[in-house]
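> quick one, what's the 3D model for this:
(one chain, ligands or ions: 2)
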Amino acid sequence: MAENSSVPYGLLGEAAIATHEGRIEWIGKTDEVPSEIREKAELEDLGNKLVTPGLIDCHTHLVHGGNRAREFEMRLEGASYEEVARAGGGILSTVRHTRSRSEEELVLSALPRLDHLISEGVTTVEIKSGYGLTIGDELKMLRAARQLERLRKVRIKTSYLGAHAIPAEYSNKADDYISEVCLPALEQAAAEGLVDAVDAFCEGIAFSPDQVKRVFECARELGLPVKIHAEQLSDLKGTVLASSFNALSADHLEYLQADGVQAMKESGMVAVLLPGAFYTLREKQLPPVEELRATGVPMALATDCNPGSSPLTSLLLTLNMACTLFRFTPEEALSGITRHAADALGLGETEGTLETGKTANLAIWDVEHPSELAYRIGFNPLIKRVYGDA
Ligand code: DI6
Ligand code: FE
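Ligands and ions are numbered 1, 2, ... in the order given. From the prediction side, this is the model:
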């Protein structure tokens, strides 16, 4: 499966891939392998297997303390979100658990989630901060994310999400939180090389467009790209704001309107849709997939793995949810966790398609057709994952 958009899935048929020092050196029809490559190659016959780019989970909160299974029970017993929050549930309960864990404990609790993604052929994972909400705890989360890349053969991209929720000690003082914690933490994290992008949650229960704009202005001064959680529960025009900063992506988008779709098209943003959160929250408002498709806005998919709204660690199940819930085609869904997910992380030059010069991050599948990857529910047909030809 290579960059060949005229053919469904970009399939090459009987093909060969030559890798060298972590890069794709050549890719093409098996009977067209150049002699100089064929002479020096160590051949591995994969038989009639499907090879795709390594999968990319471009939106996760993989590092976090504790879980919210009790909250899940309460909601099923009929408790409202407000009752759950009053009982100490919600994002702020994960903040308490995350603050109480050491960096090492956060790494150890994230590893099983990361290993499950890797078992499904994932080679790149984006991991956000946003459950620390103090300078020290936000940096602790980002250091834990960087540690994971040293412990596993996987590429980790970090996003600073200090503007995720207003901590209890700053209740009704969101602007003070931005000034005294969020921006100083971003500057320190950037100085320590812990930040690849800056994210913010623009929503009535989180931060206003004006507050998000303060965070994005700081990111711009630091030379960092931005992305946004926007239009998840209402339309605050967060996506339009993010487009004015040439954001990499806007994520969730259930309440995105035509002005937001147009703004994404004009600024070249990626729409990252998160069916796990839509499913978990039993949301009724569908993101405007048809408008995004018709306007030509690239659509990526991700697990949004987090302990509250999307405790999902399967990118393959995410494919199936996108097709069944959002009416993605299986081909769109597979592009959503490869080429478009790469662009949502600013990695389109090196990841996301099988092309000469790109990273040799591959996934090899025992399927007869690529649509099987989205079709099956709870089945993993991965035979082998190749990370940088290692
Ligand atoms: N949107 C979400 O759905 C999650 N964060 C966000 O910005 C919720 C995270 C949680 O419930 O812990
Ligand atoms: Fe999220």
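> got the residues of the stretch 251-390 of the chain near ligand 1?
Residues of the stretch 251-390 of the chain found near ligand 1 (C-beta under 6 Å from any ligand atom) are 277, 306-309. Every residue, glycine included, has its C-beta placed from N, CA and C.
> and these as TSV, adding pLDDT, neighbour count and secondary structure?
Conversion of those to TSV gives the following (pLDDT from 0 to 100; neighbours: other C-beta atoms under 10 Å; DSSP: H, G, I helix; E, B strand; the rest coil):
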residue	pLDDT	neighbour count	secondary structure
277	97	23	helix
306	98	25	strand
307	97	21	coil
308	94	21	coil
309	94	21	coil
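> which secondary structure element contains residue 287?
Using DSSP states H and E, residue 287 falls within no helix or strand.
> most widely separated two among the residues of the stretch 251-390 of the chain next to ligand 1?
Maximum pairwise distance among these (C-beta to C-beta): 12.1 Å, between 277 and 307.
> hang on, the earlier thing: between the residues of the stretch 251-390 of the chain next to ligand 1, which is closest to residue 167?
Of these, the one sitting nearest to residue 167 (C-beta to C-beta) turns out to be residue 308, at 15.6 Å.
> now do the contacts for the closest one.
By C-beta atoms under 8 Å, 6 or more residues apart in numbering, residue 308 lies in contact with 68, 71, 90-91, 94.
> before we move on, back to that, and which of the residues of the stretch 251-390 of the chain next to ligand 1 is nearest to ligand 1?
residue 308 (2.2 Å; C-beta to the nearest ligand atom).
> over to the closest one: give its phi and psi.
Main-chain dihedrals, residue 308, degrees, to the nearest 10: phi -110, psi -70.
> next, residue 127: secondary structure please.
Of the three states, residue 127 takes strand under DSSP: H, G, I helix; E, B strand; the rest coil.
> can you tell me how far the closest residue in space to it that isn't next to it in sequence is from ligand 1?
Nearest residue to residue 127, sequence neighbours excluded (C-beta to C-beta, 6 or more residues apart in numbering): residue 145, at 4.1 Å. As for residue 145, its distance to ligand 1 is 16 Å (criterion: C-beta to the nearest ligand atom, to the nearest Å).
> how many neighbouring residues does residue 145 have?
28 (other C-beta atoms under 10 Å).
> quick one: mean pLDDT for the strand or helix carrying it?
Applying DSSP H and E as the criterion places residue 145 in helix 135-151. Averaged across helix 135-151, pLDDT comes to 98.
> in it, what's buried?
For helix 135-151, the buried set under the neighbour-count rule, 16 or more other C-beta atoms under 10 Å, comprises 135, 137-149.
> and what of stretch 380-390?
Result for stretch 380-390 [16+ other C-beta under 10 Å]: buried residues 381-382, 385-389.
> the nearest residue to residue 53 once chain neighbours are set aside: how many residues sit nearby?
Of all residues beyond its chain neighbours, the one nearest residue 53 is residue 338 (4.5 Å), with distances taken as C-beta to C-beta, 6+ apart. Look at residue 338: counted by other C-beta under 10 Å, it has 25 neighbours.
> OK, contacts around residue 338?
Per C-beta under 8 Å, 6+ apart, neighbours of residue 338: 52-53, 55-56, 352-353.
> quick one on the thing from earlier: next, format the buried residues of stretch 380-390 as JSON lines and append pLDDT and distance to residue 110.
Formatted as JSON lines, these follow (pLDDT from 0 to 100; distance: C-beta to C-beta, whole Å):
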{"residue": "381", "pLDDT": "98", "distance to residue 110": "25"}
{"residue": "382", "pLDDT": "98", "distance to residue 110": "21"}
{"residue": "385", "pLDDT": "98", "distance to residue 110": "19"}
{"residue": "386", "pLDDT": "96", "distance to residue 110": "23"}
{"residue": "387", "pLDDT": "97", "distance to residue 110": "18"}
{"residue": "388", "pLDDT": "88", "distance to residue 110": "22"}
{"residue": "389", "pLDDT": "59", "distance to residue 110": "26"}
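> can you tell me the element residue 158 falls in?
Counting by DSSP H and E, residue 158 is found in strand 155-163.
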